[in-house]
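Engineer: take this sequence and fold it.
(one chain, ligands or ions: 1)
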Amino acid sequence: MADLKALAEAVIKGDQNTAVEITKAALAEGAPPKQVLDEGLIAGMDVIGARFKKNEVYIPEVLIAARAMKMAMQILEPELVKAGVEPVGKLLIGTVQGDLHDIGKNLVAMMLKGAGFEVIDLGVDVRPEKFVEQVKSSNAQLIGMSALLTTTMPGMEKTIKALKDAGVSAKVMIGGAPVTQDFADKIGADGYAPDAASAVDIAKSLVA
Ligand code: B1M
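Structural biologist: Numbering: from 1, shown residues only. Take a look at the predicted model:
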């Protein structure tokens, strides 16, 4: 049986070739795709997330690990679909209107994918109406908004209002350097995360 601990370790190290090789070997040996995902890829990203939170690793290491996970996921994804494995939850994410910063948002999206979420990335400069349209058409349970400018933070409040006006029941999580828990409470967001690893914990609690 292919070594799923070694697969987790390959993700942690960002060794994409080994991650892909072990994923292929595990599937060829008949390992259940969900087990390869949980005990290999997600286990590895969990370790990276915990180390990132404790400042033991930094953004480059997270990006390299996420790339290894992504390469292995390309092999695993069709098998997960065939096996009927459901994602942990479906999330829409975007940087709010007027804001072009996407490095943090992309990191959050990658960590969430690493944790088993289906992530639909709407990109940057996302209008409130677009969040509303997309959540309706995708049936996502969770909406993530990122803002890096104090001048674009009000876009989060406008989006929450637009979602409420449209009768959307999806939960909303926000983040970005100038965003705080107080601000999240004030505008009626369901969750706030200061970093990408915490975003995974909050997202899991919001879809639980
Ligand atoms: Co801009 N910029 N920038 N910038 N930029 C800042 C944000 C700024 C603080 C720099 C400064 O003045 N010291 C300042 C904002 C000031 C303010 O509003 N208080 C600023 C400014 C003013 C501007 C322009 C207006 C500059 C100008 O043109 N005069 C302009 C605005 C353009 C626009 O958006 N309309 C602008 C442009 C740019 C670039 C295009 C050059 C580039 C962006 C490139 C890109 O993103 N593709 C850029 C950059 C790179 C920065 C800095 C240097 C770095 C931001 C970053 O990527 N950080 C930034 C200064 C700084 O922070 N040191 C600055 C790394 C990233 C991983 O962190 O995004 O905070 P962050 O994400 C974290 C957490 O916040 C959290 O998790 C992430 C990982 O742990 N998080 C979430 C983020 N989103 C989350 C969502 C969640 C949960 C957690 O739930 C959904």
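
Engineer: what about the helices in this structure?
Structural biologist: Using DSSP state H, the helices found in the chain span residues 4-13, 16-28, 33-36, 43-53, 59-82, 103-114, 128-138, 154-165, 181-187, 196-207.

Engineer: how about those in CSV, adding mean neighbour count?
Structural biologist: Just so you know, the C-beta spots here come from the backbone N, C-alpha and C atoms, and that holds for glycine as well. Conversion of the helices of the chain to CSV gives the following (neighbours: other C-beta atoms under 10 Å):
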stretch, mean neighbour count
helix 4-13, 21
helix 16-28, 19
helix 33-36, 18
helix 43-53, 21
helix 59-82, 17
helix 103-114, 23
helix 128-138, 18
helix 154-165, 18
helix 181-187, 14
helix 196-207, 20
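
Engineer: any chance of the ones you listed in CSV, with distance to the ligand and mean pLDDT too?
Structural biologist: As requested, the helices of the chain are exported to CSV (distance: least, C-beta to the nearest ligand atom, whole Å; pLDDT from 0 to 100):
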stretch, distance to the ligand, mean pLDDT
helix 4-13, 18, 97
helix 16-28, 21, 97
helix 33-36, 26, 92
helix 43-53, 7, 92
helix 59-82, 6, 91
helix 103-114, 2, 89
helix 128-138, 12, 98
helix 154-165, 10, 98
helix 181-187, 10, 98
helix 196-207, 4, 94
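
Engineer: tell me, what residue is most central in the protein?
Structural biologist: With distances taken as C-alpha atoms, centre = their mean, Leu112 lies nearest the centre of the chain, 2.0 Å away.

Engineer: next up, the contacts around the closest residue to it other than its chain neighbours.
Structural biologist: Distance criterion C-beta to C-beta, 6 or more residues apart in numbering; nearest residue to Leu112, sequence neighbours excluded, is Val119 at 5.3 Å. When contacts are counted by C-beta atoms under 8 Å, 6 or more residues apart in numbering, Val119 touches 91, 93, 109, 112-113.
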